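In: only geometry, no sequence info:
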RNA sequence: GGCCCUGUAGCUCAGUGGAUAGAGCACUAGCCUCCGGAGCUAGGUGUCGCACGUUCGAAUCGUGCCAGGGUCACCA
């Protein structure tokens, strides 16, 4: 039966298996003179104190690097494009804002990079936001004019509005994302979370870049195990004679029981297996009774899935199960035969994969039945014909890596033009704490942990915590649900996807440190500040008053948002965005502790409110892309 | 045994060939007359698994080892 959820032995499954002193200095300087002087006062203070590592710089100020590259290219004989990799961020903020390593130029000119840097630092550069630059060894460090830079960034945000961060690289392109893909007749278990949320984030990331995105839920709804289920239905499903499956209070549990009973009885009664084969044959032949019951199972399962998908904010453009491809199987086999790729091996039919280290791909069993791989061949062909995709991602756990390598290998031998557009987006397993160690998705008793129970528990823990902190909150139900889901989703997407996730609900919902709740709280603070501000923000002066180190750090991080989205999509790695958002939140909280947004000076307050509004856009968009619904109160 | 993934602070993890490798948790001490303290500040630990190589420069690239996990045809 079904495909992508691993653990086939246990669960018959498919594709899835988680400065106050600085402020004082600023105020003193504010009494006299320019913003630059104020900033210099802050800087000189800051150079005395030990500064925190710059969080900014994990992503790039791409736009500013491009402009600087063009400006530098005018002075040297190297193309601007080739200079881009030489940009970076100085290790300490007081050393500058953007660094440029002179290594590439030095190599081309056969000179000492330090000499090149020193020479380059003497030149002048066009962009208004370049204040000055200095040579530091083989590096040229550029200092931004804080006010100009702030205005430039906020202008960009204002121009893009709530679309800030989104791009156009994917315009006119189509991407298919195969994700979640559970088996029907089973409940969603906690291990399904990974494919579902990683896939969902990839859908949103690509949509943000302008791609037409087709999210596909490739349900495991076909296979010999349905013969077993139908056998059990006929033999032990007494209550199903009285009323249809959908009218039972817990249809999926009922199906589980039937399945278990089949296996219990089959141990003693070998005729059951034969009966199961006959039932599956009836299903394949389109027998009315078999077909009707199978459809009932499918519908009841989908109802259960949808309830959970809705809580997680997940939806699909196409829900096409394996059953859909059953009648496309002969065409695939015929094509393989025509291409003379099929070979007999131990009575089964396989496609060898010469030139690779891969074992042959099994296409047809000795009893003639097709397999998972065969259905995936048909599905790939169908998707290509229908969508002519630029990319097709299979968000499936790393345990199926060999399957996909073989699948792609067969398609390559078939000469399919789209084979290089297919990508297996693999990920590690989700582990739960059991008796002090980490166990793969199961309880101590070996039971599968239901996703719905995990979501309920997360919501309840969130509720307790919110009530403790904010007993007055009216929208407690909404907030508890949103914070609970945020905790679960962020725990899944925080680390690089190939890592295993240690999923400890207590830890995830502790709401301290790098958690979904911390990000929600940060967003809630933005909203609170904006609610409290009654003044006007004028577009004309936006940003000129933003010159403290904390503000500049935030603006740099805001300016890096589009690059973070792009890189996360290109690398199919949502954690790049997760880590970025943690950086924004951390920088904001630094700023917030050091400065009042609603400052006495109305001009300063107006600019800071504009900054907070930009931050709210960034964090709200970022959370939404990860699949987290940003809250306004909690 | 072959192939794949992982190995960075006590724990969980960031880290784009570049400057002195850094966050969260945990532990200690501070910070609410002030926009929400789910926060902030300060305090310290590293043979970046090991070795060799490539490079002006390696946690990052290559090769070989070691350790843990996954996977290796008639399941999906």
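Out: Yes, it's here. Keep in mind it's a predicted model, so treat the numbers as computed, not measured.

In: wait, does stretch A:319-328 contact RNA strand B?
Out: Yes: against RNA strand B, stretch A:319-328 shows contacts by Cβ under 7 Å from any atom of the strand at residue A:322. Where C-beta positions appear, they are placed from N, C-alpha and C, glycine not excepted.

In: and that stretch, which residues are buried?
Out: A:319, A:320, A:321, A:322, A:323, A:324, A:325 (16 or more other Cβ atoms under 10 Å).

In: closest to residue A:564 among the residues you listed?
Out: The shortest approach to residue A:564 among these belongs to residue A:319, at 30.9 Å (Cβ to Cβ).

In: just to revisit the earlier point, so which of the buried residues of stretch A:319-328 are in strands?
Out: In this view, these that belong to strands under DSSP state E are residue A:319.

In: could you single out the nearest of the buried residues of stretch A:319-328 to residue A:625?
Out: The closest of the buried residues of stretch A:319-328, once distances to residue A:625 are taken by Cβ to Cβ, is residue A:319, at 22.3 Å.

In: need the contact list for the closest one.
Out: Contacts for residue A:319 (Cβ atoms under 8 Å, 6 or more residues apart in numbering) come out as A:216, A:217, A:219, A:302.

In: likewise for residue A:312?
Out: Per Cβ under 8 Å, 6+ apart, neighbours of residue A:312: A:196, A:197, A:200, A:455, A:485, A:489, A:627.

In: returning to what we had before: take the contacts of residue A:319 and write them to JSON lines, including neighbour count and secondary structure.
Out: Shown next, in JSON lines, are the contacts of residue A:319 (neighbours: other Cβ atoms under 10 Å; DSSP: H, G, I helix; E, B strand; the rest coil):
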{"residue": "A:216", "neighbour count": "24", "secondary structure": "strand"}
{"residue": "A:217", "neighbour count": "24", "secondary structure": "strand"}
{"residue": "A:219", "neighbour count": "27", "secondary structure": "coil"}
{"residue": "A:302", "neighbour count": "17", "secondary structure": "helix"}
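
In: and residue A:254, what does it touch?
Out: Listed by Cβ under 8 Å, 6+ apart, the contact partners of residue A:254 are A:239, A:240, A:245, A:248.

In: pipe the buried residues of stretch A:319-328 into CSV and attach distance to residue A:298 and pLDDT per row.
Out: What follows is the buried residues of stretch A:319-328, written out as CSV (distance: Cβ to Cβ, whole Å; pLDDT from 0 to 100):
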residue, distance to residue A:298, pLDDT
A:319, 10, 97
A:320, 12, 94
A:321, 7, 92
A:322, 11, 93
A:323, 8, 93
A:324, 11, 95
A:325, 15, 94
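
In: about what we covered before: closest one of the contacts of residue A:312 to RNA strand B?
Out: Nearest to RNA strand B out of the contacts of residue A:312 is residue A:485 (Cβ to the nearest atom of the strand; 13.1 Å).

In: now the closest one. Its backbone dihedrals?
Out: The phi and psi values for residue A:485, taken as degrees, to the nearest 10, are phi -70, psi -40.

In: just give me the neighbour total for it.
Out: 23 (other Cβ atoms under 10 Å).

In: do I have it right that it meets residue A:313?
Out: Yes: counting by Cβ atoms under 8 Å, residue A:485 touches residue A:313, with 7.5 Å between them.

In: mutual contacts of those two, please.
Out: In contact with both residue A:485 and residue A:313: A:628, A:629, using Cβ under 8 Å, 6+ apart.

In: now do the phi/psi pair for residue A:126.
Out: The phi/psi pair for residue A:126 (degrees, to the nearest 10) is phi -70, psi -50.

In: one more: the one 10 residues further on?
Out: For residue A:136, the backbone dihedrals (degrees, to the nearest 10) come out as phi -140, psi 100.

In: surely it touches residue A:120?
Out: No: the criterion here is Cβ under 8 Å, and residue A:136 misses it with residue A:120 at 11.7 Å.

In: neighbour count for the two, which is higher?
Out: Per other Cβ under 10 Å, whichever of residue A:136 and residue A:120 has more neighbours is residue A:120, with 19 against 16.

In: inside helices: which ones of the contacts of residue A:254?
Out: Among the contacts of residue A:254, the members falling in helices are A:239, A:240 (criterion: DSSP state H).

In: which of the contacts of residue A:254 has the most neighbours?
Out: Highest neighbour count within the contacts of residue A:254: residue A:245, with 21 neighbours (other Cβ under 10 Å).

In: residues contacting the closest residue in space to that one that isn't next to it in sequence?
Out: The shortest distance from residue A:245 to any non-neighbouring residue, by Cβ to Cβ, 6 or more residues apart in numbering, is to residue A:296 (4.3 Å). Taking Cβ under 8 Å, 6+ apart, we find residue A:296 in contact with A:244, A:245, A:246.

In: quickly find the element holding residue A:296.
Out: helix A:288-312 (DSSP states H and E).

In: pull out the buried residues from that helix.
Out: By neighbour count on 16+ other Cβ under 10 Å, the buried set for helix A:288-312 is A:290, A:293-294, A:296-298, A:300-302, A:304-305, A:308-309, A:311-312.

In: quick check: residues of the stretch 401-550 of chain A near RNA strand B?
Out: Contacts of the stretch 401-550 of chain A with RNA strand B, taken as Cβ under 7 Å from any atom of the strand, map to A:401-403, A:428-429, A:462, A:465-466, A:469-470, A:479, A:483, A:494-496, A:498-502, A:507, A:510-514, A:517-518, A:521, A:524-525, A:528-529, A:532.

In: give me the buried subset of those residues.
Out: Among those, those classed as buried by 16+ other Cβ under 10 Å are A:403, A:428-429, A:462, A:465-466, A:479, A:483, A:494-495, A:500-501, A:511, A:514, A:517-518, A:521, A:524-525, A:529.

In: among those residues, which are in helices?
Out: Those of those lying in helices (DSSP H): A:403, A:462, A:465, A:466, A:479, A:483, A:517, A:518, A:521, A:524, A:525, A:529.

In: from residue A:96, how far out is the residue in the stretch 101-250 of chain A positioned nearest to RNA strand B?
Out: Of all residues in the stretch 101-250 of chain A, residue A:103 sits closest to RNA strand B, at 3.1 Å by Cβ to the nearest atom of the strand. The gap separating residue A:103 from residue A:96 is 17 Å, by Cβ to Cβ, to the nearest Å.

In: and chain A, what are its domains?
Out: For chain A, the structural domains run A:174-221+A:318-425, A:225-312, A:452-626, going by automatic domain parsing.

In: tell me which residues in stretch A:351-365 are buried?
Out: Buried residues in stretch A:351-365, defined by neighbour count with 16+ other Cβ under 10 Å: A:351, A:352, A:353, A:360, A:361, A:362, A:363, A:364.

In: which stretches of chain A have low pLDDT?
Out: Counting by pLDDT under 70, the low-confidence segments of chain A come to A:1-59, A:538-541.

In: if we use 80, what do you get?
Out: Within chain A, the stretches with pLDDT under 80 are A:1-60, A:77, A:238-242, A:435-437, A:441-446, A:536-541.

In: distance between the ends of stretch A:495-504?
Out: Using Cα to Cα, to the nearest Å, the end-to-end distance of stretch A:495-504 comes to 14 Å.

In: likewise stretch A:589-600?
Out: 20 Å.

In: is it anywhere near RNA strand B?
Out: Yes: using Cβ under 7 Å from any atom of the strand, stretch A:589-600 reaches RNA strand B at A:589, A:590, A:592, A:593, A:594, A:595, A:596, A:597, A:598.

In: could you dump those residues into a markdown table and include secondary structure and neighbour count?
Out: Shown next, in a markdown table, are the residues of stretch A:589-600 next to RNA strand B (DSSP: H, G, I helix; E, B strand; the rest coil; neighbours: other Cβ atoms under 10 Å):
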| residue | secondary structure | neighbour count |
| --- | --- | --- |
| A:589 | helix | 15 |
| A:590 | helix | 17 |
| A:592 | helix | 17 |
| A:593 | helix | 10 |
| A:594 | helix | 17 |
| A:595 | coil | 18 |
| A:596 | coil | 12 |
| A:597 | coil | 19 |
| A:598 | coil | 16 |
